[in-house]
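Novice: need coordinates for the following:
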Amino acid sequence: MSQLPRPPTSTSSRLSTIPSQKPRQLSHLHAQLAQLTANVSDLENLLRMTAVQAESMRGLGGYVGGMFMAASKVLGEETVRGGGSNPAASSGVDNVREQHPNRA
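Specialist: Residues are numbered from 1 along each chain as shown. You can find the predicted model right below:
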């Protein structure tokens, strides 16, 4: 039997194209790494901004809580003065009179 030359297989054709594709693949990987670095930098900036905003939200929460407590106190005193029929609102009548004897 004579030795016939083998037709190129997919393995041999892949091996022959690797050296020519390697610079292109490295260039592509470099571009992807640059994009990843930019995205991580953007994420870091956004996280820093989110931390600042979270601290501001905490301060606003305290401010709004104080406003609700003040409004509750004012509305509670108005209910006492008006002689409201709501038993839940008038349950603190004695407490309000003790705190402000000249009111109510």
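
Novice: quick check: which element contains residue 29?
Specialist: Using DSSP states H and E, residue 29 sits within helix 10-82.

Novice: which helices and strands does that helix pack with?
Specialist: helix 93-99 (3 or more CB pairs under 8 Å, 6 or more residues apart in numbering; DSSP states H and E). Using the backbone N, CA and C atoms, a C-beta is placed for each residue, glycine as well.

Novice: quick revisit: what average pLDDT does the helix holding residue 29 get?
Specialist: Mean per-residue pLDDT for helix 10-82: 88.

Novice: tell me the contacts of residue 20?
Specialist: With contact set as CB atoms under 8 Å, 6 or more residues apart in numbering, residue 20 has no partners.

Novice: for the one 4 residues further on, same thing?
Specialist: Residues touching residue 24, when contacts are defined by CB under 8 Å, 6+ apart, are absent altogether.

Novice: for residue 31, see how far away it is.
Specialist: 11 Å (CB to CB, to the nearest Å).
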